[in-house]
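**Q** here is a sequence together with a model predicted from it:
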There are 2 protein chains.
Amino acid sequence: MAPATIKDLARELKLSPSTVSRALRDHPDISPKTKKRVVSLANKLDYHPDSIAQSLQTKKTKTIGVIVPEIKQPFFASVINGIEELAYAAGYTIIVCQSNETADREVLVTRSLGSHRVAGLLVSLSRSTENLDHFKVLQRRGVPIVFFDRVSNDIEASKVVVDDYKGAFDVVEHLIKSGYKRIAHLAGPKNLSISKFRLKGYTDALQQGNLPLDDSMVVYGGLDDTDGIVGFQKLLHLKTLPDAIFAVNDPVATGAFVMIKEHGMKIPDDIAIAGFSNTYMTSLLEPPLTTVEQPSYEIGKTAAQLLMEQINSNYENFIPKFIVLKTHLIVRSST
Amino acid sequence: MAPATIKDLARELKLSPSTVSRALRDHPDISPKTKKRVVSLANKLDYHPDSIAQSLQTKKTKTIGVIVPEIKQPFFASVINGIEELAYAAGYTIIVCQSNETADREVLVTRSLGSHRVAGLLVSLSRSTENLDHFKVLQRRGVPIVFFDRVSNDIEASKVVVDDYKGAFDVVEHLIKSGYKRIAHLAGPKNLSISKFRLKGYTDALQQGNLPLDDSMVVYGGLDDTDGIVGFQKLLHLKTLPDAIFAVNDPVATGAFVMIKEHGMKIPDDIAIAGFSNTYMTSLLEPPLTTVEQPSYEIGKTAAQLLMEQINSNYENFIPKFIVLKTHLIVRSST
DNA sequence: CTGAAAGCGCTAACAG
DNA sequence: CTGTTAGCGCTTTCAG
């Protein structure tokens, strides 16, 4: 059974489609009596406006696109929850896409979202993204974009991040104060903003703590637990082992964590370890992991908030905002 | 800058819009020469078809709606990945919505998806859903729906589940064979299909193992770690404590796990514990958790596959399929 | 207060 | 092989 249309209502009520349309949207021109008749029939026939047709007409949709590297990363799942809460309250639907950490796929989904005429875009960059032209095309069309967590300087747009620098600095400072002297860093992909800031926080904390910088103590890798495993194995080749490790994020920390134990070393006595994000599972490890809390849900809400504002503004002379949310050191017994 | 339309291309090439439209879609009627001209200009102007307009015309969209209770549950995140892979390969976009485990919200997002004229729906029921009319409305409109994991008998549709009964039976049988005599069950919400089957697997395994059924050993709750915490506390009130616990899923098992340790009991010596799903974190617990592997990614792919078939069929005399995927017992040292 | 007419961007007969 | 025409369901002038 085909869904009821405005025409159906009009025919049945002996009104014109335009009148029905106005009545449905509570236009002041329409008499209360007519409105009641229209609304009551609409309910009876279970009428719902065809948002496709609406969009074609108004050139606007009530959907916003979200691009994340991977849904399965708990951090992003939580960000999406934040986005959804706000978007939903504003009557928007979200389309979630994954770049699977590849630039190619990111370009494709961005285009697809553009073709869907999304009202705006919320993006966390894939780890292999270098070129941002695919986003600029949409911006030129007037599609607002807000970046979060993984951002780039090569594009003018509002951005929401956490203070990765300070988060990293705090955790390394904590390690130093706890007496660790040889602190290694399992770093993330070199081109990611989060990797850079966390690395900088690490080096600055070492310097302030008067500890020597040692390039061999920094191992670059990806962001998954397997990268933690590989990274730790590289550290094992050093002449002198580190006495503490700061990993770029929790999954990497977890991978290293497992390897440390497999090598029969005690945490934190033989080697201490800390992560970044405070994903749920870190609290369940034995010993529980020291980490840095990132307000993931807040990031989502804030980014969505900014996007909504931009959508509802006449974006002539729009000034991008750069919002930095606070992190919070969580000390547990792994350090 | 407004995006280029078919009209723009037509004007520039001195062709009619229909010719351009056909050329773009590689229609056999069009001469190779014309096609080339059209395609090359399209690339130059960065033309992409307006999928909104396409949908309005064809009454079809290339989007499929996905409704899950919560994205943040790793099981569902993984299912979504499976769905996405298949949908994406078939040129479909997915709109992911959460019911947040409430029936009200489920009704709202279902309607919204209907209004978006999705080509089909993939659904895992919220835990408070009793009435399925909101889905039946869409089915009557010809929108195919495939249910997965959390399904209901009250609706005729294809369904994809795992063998919850056997999974539960296997794990409880394993507990019995390992010598445990007083096996408790932290059960899920009573009205969920998965709860019922896992409970039945539990009771049947006890019977086959000649162990007495004891209602006080079955504690009903939700599906989160907090439910595991609460559930375990209820078990503590028993005169004789259980020597093993089978939890309806991993989060519940984890909650109980933490409480057991907090009470100073040893796993598995004082009390053994097993979960269901094989989420990643279960392998990291100390001791690692015995659980039942659910092929979450496969569930997503299979459900999407069924949906695609149904979308591409003339659903006159469509016969719903019921697919049961195998589970796999994973024995670790918590039992 | 209501209606008629046009058009959003695209596709699909039907002609030529 | 290409063009003309009509229309998807809705909103929006412009008239009454």
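**A** Cool, the structure landed.

**Q** which regions of the stretch 201-335 of chain A lie under the pLDDT threshold?
**A** Scanning the stretch 201-335 of chain A for pLDDT under 70 picks out A:314-316.

**Q** ok, now with 90
**A** A:312-318 (pLDDT under 90).

**Q** break down it into its helices, ranges please.
**A** Ranges of helices in the stretch 201-335 of chain A, per DSSP state H, counting those that start in this stretch, are A:225-236, A:250-262, A:296-311.

**Q** please name whichever of those is nearest to chain B.
**A** Closest to chain B of these, according to C-beta to the nearest C-beta: helix A:250-262, at 6.5 Å. No exception for glycine: its C-beta is placed from N, CA and C like everyone else's.

**Q** now do the closest one and helix A:225-236, the angle between them.
**A** For helix A:250-262 against helix A:225-236, the angle by axes from the mean of the first three to the mean of the last three C-alpha atoms, to 10 degrees is 50 degrees.

**Q** hang on, the earlier thing: wait, which of the helices of the stretch 201-335 of chain A is closest to residue A:50?
**A** helix A:296-311 (21.6 Å; C-beta to C-beta).

**Q** buried ones in that closest one, by neighbour count?
**A** Neighbour counts over helix A:296-311 (16 or more other C-beta atoms under 10 Å in any protein chain shown) mark A:296-308, A:310-311 as buried.

**Q** ok, stretch A:22-35 next?
**A** Quick answer for stretch A:22-35 (16+ other C-beta under 10 Å): A:22-24, A:30, A:34-35.

**Q** and of these, the nearest to residue A:78?
**A** When the buried residues of stretch A:22-35 are compared against residue A:78 (criterion: C-beta to C-beta), the nearest one is residue A:24, at 37.2 Å.

**Q** gap between that closest one and residue A:38?
**A** Here residue A:24 is placed at a distance of 6 Å from residue A:38 (C-beta to C-beta, to the nearest Å).

**Q** how about the strands in chain A?
**A** A:63-68, A:93-98, A:120-123, A:145-148, A:158-162, A:183-187, A:218-220, A:244-247, A:272-274, A:291-293, A:322-325, A:328-330 (DSSP state E).

**Q** winner for burial among those strands?
**A** Of all the strands of chain A, strand A:244-247 has the most neighbours on average by mean count of other C-beta atoms under 10 Å in any protein chain shown, namely a mean of 30.

**Q** which residues does that strand contact?
**A** Residues outside strand A:244-247 that contact it (C-beta atoms under 8 Å, 6 or more residues apart in numbering or on different chains) are A:168, A:171-172, A:175, A:180, A:182-186, A:202, A:228, A:231-232, A:235, A:253, A:256, A:268, A:271-276, A:335.

**Q** quick check on the residues you listed: which are buried?
**A** With neighbours counted using 16+ other C-beta under 10 Å, the contacts of strand A:244-247 contain these buried positions: A:168, A:171-172, A:175, A:180, A:182-186, A:202, A:228, A:231-232, A:235, A:253, A:256, A:268, A:271-276, A:335.

**Q** pretty sure residue A:46 sits against residue B:137.
**A** Yes - the criterion here is C-beta atoms under 8 Å, and residue A:46 meets it with residue B:137 at 6.5 Å.

**Q** ok, the two, which is more surrounded?
**A** Per other C-beta atoms under 10 Å in any protein chain shown, whichever of residue A:46 and residue B:137 has more neighbours is residue B:137, with 18 against 14.

**Q** contacting residues for the more buried one?
**A** By C-beta under 8 Å, 6+ apart, residue B:137 lies in contact with A:46, B:114.

**Q** what's the distance between it and residue A:6?
**A** In terms of C-beta to C-beta, residue B:137 sits 19 Å off from residue A:6.

**Q** and which of the buried residues of stretch A:22-35 is nearest to chain B?
**A** For the buried residues of stretch A:22-35, the nearest to chain B is residue A:24 (13.0 Å; C-beta to the nearest C-beta).

**Q** pLDDT wise, what is the closest one at?
**A** The score at residue A:24 is 92. That number is its pLDDT.

**Q** enumerate every residue touching it.
**A** Going by C-beta under 8 Å, 6+ apart, residue A:24 touches A:6, A:38-39, A:42, A:49.

**Q** so which of those residues wins on neighbours?
**A** residue A:38 (24 neighbours).

**Q** where's that residue relative to chain B, distance?
**A** 18 Å (C-beta to the nearest C-beta, to the nearest Å).

**Q** find the nearest non-adjacent residue to that residue, please.
**A** residue A:23 (3.9 Å; C-beta to C-beta, 6 or more residues apart in numbering or on different chains).
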